[in-house]
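**Q** Turn this into a structure:
(chains A and B)
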Amino acid sequence: MVTTPVTRIDTLLVANRGEIASRVIRTARAAGIRTVAVYADPDRRSPHVTEADRAVPLGGTTAAESYLDGAKILDAARRSGADALHPGYGFLAENAGFAEACAAAGVLFVGPSPGSIREMGLKDRAKEIARKAGVPVLPDARVSGDDPSRWAAEARAVGYPLLVKPTAGGGGKGMRLVAGEDGLADALAGARREAAGAFGHDGLLLERYLAAARHVEIQVFGDAHGGAVHLGERECSVQRRHQKVLEEAPSTAVCEELRRRMGETAVSLVRELGYRGAGTVEYLLDEETGEFFFLEMNTRLQVEHPVTEEVTGLDLVALQLRVARGEPLGLDQADVVHRGHAIEVRLYAEDPARDFLPTPGVLHHYSHPERPGLRFEDGVRAPGEVPPFYDPMLAKIVAHAGTRAEAAAALAGALGETRVHGTVTNRDFLVALLRDPDLLAGRTRTDFLERHPDLLDPAPATPRIVHLAAAVAVSVARRRAADRVTGHAPPGFRPLAAPLLTAAGWERVGGGPVGLGYRLTAPAGDAGLVLEADGERHELALLDLGADGVRVRHGGVEHPCAVAVHADGSVWVNDGRDQSGWLPRPRLPEPGALAAAAGPVSELPGTVTEVLVEPGQRVAAGQRMVLLEAMKMEHPAVAGADGVVEEVRVEVGQYVAAHTVLVTLTELGPERDGEAG
Amino acid sequence: MHAVAVLTTALDTASEQYSRDRAAMLDALRGLEALAEQVLAAGGEKSVRRHRSRGRLLARERVDLLLDEDAPLLELSCYAGAHEPDGQPGGRLITGIGPVSGVECMVIANQPTVKGGSLNPAAVAKQLRALDIAERNRLPVITLVESGGADLPRQADIFVPGGRTFRELTRLSAAGIPTISLVFGSCTAGGAYLPGMSEYTVLVAEAATVYLGGPPLVKMAINEDVDDETLGGAEMHARVSGLADHLAADERDALRIGRQIVADLDWRKAGPGPSMPSEPPVHDPEELLGCAAADAKRSVEVREILARVLDGSRFSEFKPLYGTQLVTGWGSIGGFPVGVLANNGILFSEESNKGAHFIQLANARDIPLVFVQNITGFMVGSAAERGGIIKDGAKMINAVSNSAVPHLTLMVGASYGAGNYGMSGRAYDPRFVFTWPNHRIAVMGGSQLAGVMSMVQRRVARRAGRDYDEDTDARVRAETEEMIESQSGAVYATGRLWDDGVIDPRDTRAVLGLALSAAHSAPVAGARRFAPFRM
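**A** Take a look at the predicted model:
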């Protein structure tokens, strides 16, 4: 028997941020290990920084200046006396060069060997090894040269639809789906640019795309003693833009026999590689035929690892640390037992109704229920910010229950009670998803969201007018309570013998403006409310109106509404199911504050990657004028109308705040075209 | 009867009497609603549309935006001029007291959509009354100016009294009461002195024009050709003449600047703040609709009204067993302690003595007084005269006249004869007078007055040895009665500004509370000396 020397871990630097950093710190602390956080400037008050025993500022703002800067991180390890480093996921987790640098610096890298990372990191190489290990793979081809006709031939050999993937990287970044030859050239150009930007490597791979498959992945573990097990599958078919939205274990499409086969092939890949640590072998599963194809292997802890932890009762981070220390896994395949069903969703600052546009920004309040069977992996703390520079995930929420239906219902319920005030989130979308009959029936395939577009902008669980009434009434109640001189009089009181309404302008966060007229009979307690919203008249009864909430009776049903008013004047309403945010419009704005900006504006903060127009140039409506990279995605700013470019206000490389005017346009009216004729 | 902390009620809301009184009150309110509709029409659809098309806000919108959000406005003299046959109620102005940046101010806004906001006699009277209230209650004054000036065909009725406006403004200023003028449009000739006499002025760019004589007059007088902007535009006044302290970009900006000016006053009320709990009455104020008599001759139980007006229906009655037709006692409205004198019938000697005593107590304690009038007068007849009713009435009038605490007078039924005086009628300068729509005010009731006149005529005829024409007598009596009745009504009275507003009975607590709060902007101090009381 070969004995590998066992290393001690005294101080663990967590080279990550957000929920995963907190997650690793939690297990490390329980294991008696001192923890070190690192952080970029915008994160200086983020939870992981204060949760760790020590924190080291990296300086810098963007990921490239901080969490992706290996030299800074190793310097932080040296300063803090860290003897080991956990990379989390993303950032440097699958960077073989960094893993090597850690070894060179005498810092134990909690992860597989640089060799394993490198081989699995290059998708074509990974596929080759998989093929060799007897793992089924999809037809593919490498993109070679710059000749579009050659690309087309290669694409034809693979077959449409196909996926363009960077050979480096992961997590769906830079991927493009191509339905036919028409879109090929554009997709390749875009993917190249994104790949080069994100991974410093612009190699691309074409791969057959199974339109209606399921994404099923196997969690594997290997140790330095030849031990290798799989912990069963996770299904992550519900995706948007190739990013996972909902993950669960077990999969409804995997029977015991299939689980065994998928698990065994995955373990054979682990053995082929001599893989050490936690890894995930991703498969596409064709449920019609029961065939499955190797997609890639992720050589890190996955975002969705908690669902596996919930059903197996194992702590995967603890196992990672054990393997990293050189100890045997201490786990045979027979020891792995699955119990119940776990579902995870990712709560994001993004707007599903606007093509999942990231919505970083202020976070006034964040709270959620605590119950057995529920697990919140929080990456944020309120009051705080969701910085625009990194992935805007707020939290992962996991429910574990006896059955899938129970887990889904518990998770939907927990989300309904979760309060996130400040920016738009995908909360309501996730609730709608978890209550969708097709999802509950297990009909989950990778095209699930394309087939259920209505989920992206679900109808509110509580009539909007109820929340609007609560927002308005509590705002009024607070103002009346604060009126030191005439607070005893009814709100907006006039001694004129006429039913006058108070006029006001409001706006729903993530929605449009609402013109209001209202009359409230009392400033607190029980009151009647006449509320005219966009010309429609409602009469509601209010009970127990106060500074923090009110019960709104509408159509004979009472809705208890909790109402919070935050420093920026935004008003957030929660009942047990629904949440909405409202902004009162300024009554007496300073002049110029409302001046309309001409030309396209940046929808979110980002860096200008390309300027496609110049002053004097004629542009057509819809034409791309500036490309922005934000949240690791490319966002085009397009011309809203036909016109002539007046001024380009930004340059490549410039960082712009949200709603910055990028280009000014002189609009070309139709009469201009008429003059020529 | 003994002193009680919380008033109980014996009002039978199922009774026929109650429904009749309630129906009559609702009927009277419908009359007010019709007036209010005219007030809110603000000069009519066409005029409003034209005004808006120039990007301007209505006077009422300006006032609403100037006030703190959701704040009340104690609008005053809402139906001024309603008694005039051609009268558009409201007097082309909005006046009222409301909080601006947390400071209760007197707001006076021209209504440019009503005949160009030009001032008629009702407007002048209303504006002067507002300034009088501001002075007596120490309220900062904000004028929102846009007016065509004097209503020239009525100049004879306004020119002389109207000049007082500017004197009052500067006297307020001299008394340390801030005056602010926001100019939204034209203000010419005398009107120019509104900003001219104000301590702070804001002019809206490209909208406000202020000059003594407009371009036509200038051409006539000195043959100078000049345009509006050059002559008196906001830019000129801000940069050259210095009449404008602030140049506002637009109307909302002017209102914003106006609010900031008030915020920067660091204004403090000189009276004490509310010191009692301010909870709604225990008994439903909705029932006030049936608490007053449809027929002013019938007496009602005034405690039923107090039970629906005072905070928590709390009332500590003073001398409940003596002079029982005048109810006196202590309570609070909007948290402000008040002494209440309320008629429960006519005034006899005992009532008069009790009232005079109570008024002196309120002055000794610096507590404001609320007079609830439902009075047909002092008792007449030989017994009363022999009992010294004149002496005793004189005591009460002495006390009322020399009292220095704020008086609020509420008229809920009859206000006839010297009863009006003893109960702090308009001539006795109460800080505010409010009436219910059923109320009647005159030297006496119409039929009584016609009857008295008929008897006098009959006596004159007899002395002259003439026959008395009974047919003529009947006709004259009917005509007299009709004229008196029409001049005794609440609408006539409010049109003539005999009061500061006729209100919905259900709004009584809110209105009195706001008035009391405004009164506490000035020091609240009772008189320490009265005239000698005739004993």
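
**Q** Ends of stretch A:206-220, what's the gap?
**A** End-to-end span of stretch A:206-220 (C-alpha to C-alpha, to the nearest Å): 26 Å.

**Q** Would you indicate which residues of it are buried?
**A** A:206-210, A:213-220 (16 or more other C-beta atoms under 10 Å in any protein chain shown). Any C-beta I mention is one placed from the backbone N, CA and C, and that applies to glycine too.

**Q** again, but for stretch B:468-476
**A** By neighbour count, and taking 16+ other C-beta under 10 Å as the criterion, the buried residues in stretch B:468-476 are residue B:473.

**Q** average model confidence for that stretch?
**A** When the per-residue pLDDT values of stretch B:468-476 are averaged, the result is 87.

**Q** how about it as PDB, C-alpha atoms only?
**A** Output of stretch B:468-476 as PDB, limited to C-alpha atoms (Å, rounded to 0.1, in the frame of the first residue of the first chain):
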ATOM      1  CA  TYR B 468    -104.400 100.100   8.100                       C
ATOM      2  CA  ASP B 469    -104.500  98.100   4.900                       C
ATOM      3  CA  GLU B 470    -104.600  94.500   5.900                       C
ATOM      4  CA  ASP B 471    -103.900  93.200   2.300                       C
ATOM      5  CA  THR B 472    -100.800  95.400   2.000                       C
ATOM      6  CA  ASP B 473     -99.800  94.300   5.400                       C
ATOM      7  CA  ALA B 474    -100.000  90.700   4.500                       C
ATOM      8  CA  ARG B 475     -98.000  91.300   1.300                       C
ATOM      9  CA  VAL B 476     -95.300  93.400   3.000                       C
END
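
**Q** what sits up against it?
**A** Surrounding stretch B:468-476, the residues in contact under the criterion C-beta atoms under 8 Å, 6 or more residues apart in numbering or on different chains are B:450, B:453-454, B:457-458, B:461-462.

**Q** Tell me where the model's unsure across the chain.
**A** Looking at chain A here, since you left the chain open. Per-residue confidence for chain A (pLDDT under 70) gives these ranges: A:1-5, A:169-172, A:592-601, A:603, A:621, A:631-633, A:640-641, A:667-677.

**Q** my question was about chain B
**A** Applying pLDDT under 70 to the predicted model, the residue ranges of chain B that meet it are B:1-4, B:86.

**Q** go with 80
**A** Counting by pLDDT under 80, chain B contains low-confidence residues at B:1-4, B:85-87, B:150-152, B:189-190, B:296-297, B:444-446.

**Q** Output the contacting helices and strands for the longest helix along chain B.
**A** Longest helix in chain B, counting residues (DSSP state H): helix B:16-41. Judged by 3 or more C-beta pairs under 8 Å, 6 or more residues apart in numbering or on different chains; DSSP states H and E, helix B:16-41 is in contact with helix B:490-495.

**Q** Span of stretch B:302-311 from start to end?
**A** Here the two ends of stretch B:302-311 are set 16 Å apart, with distance taken as C-alpha to C-alpha.

**Q** Please list the outside residues in contact with stretch A:521-528.
**A** Stretch A:521-528 is touched from outside by A:473, A:476-477, A:480-481, A:487, A:490-491, A:520, A:529, A:539-546, B:280, with contacts defined as C-beta under 8 Å, 6+ apart.
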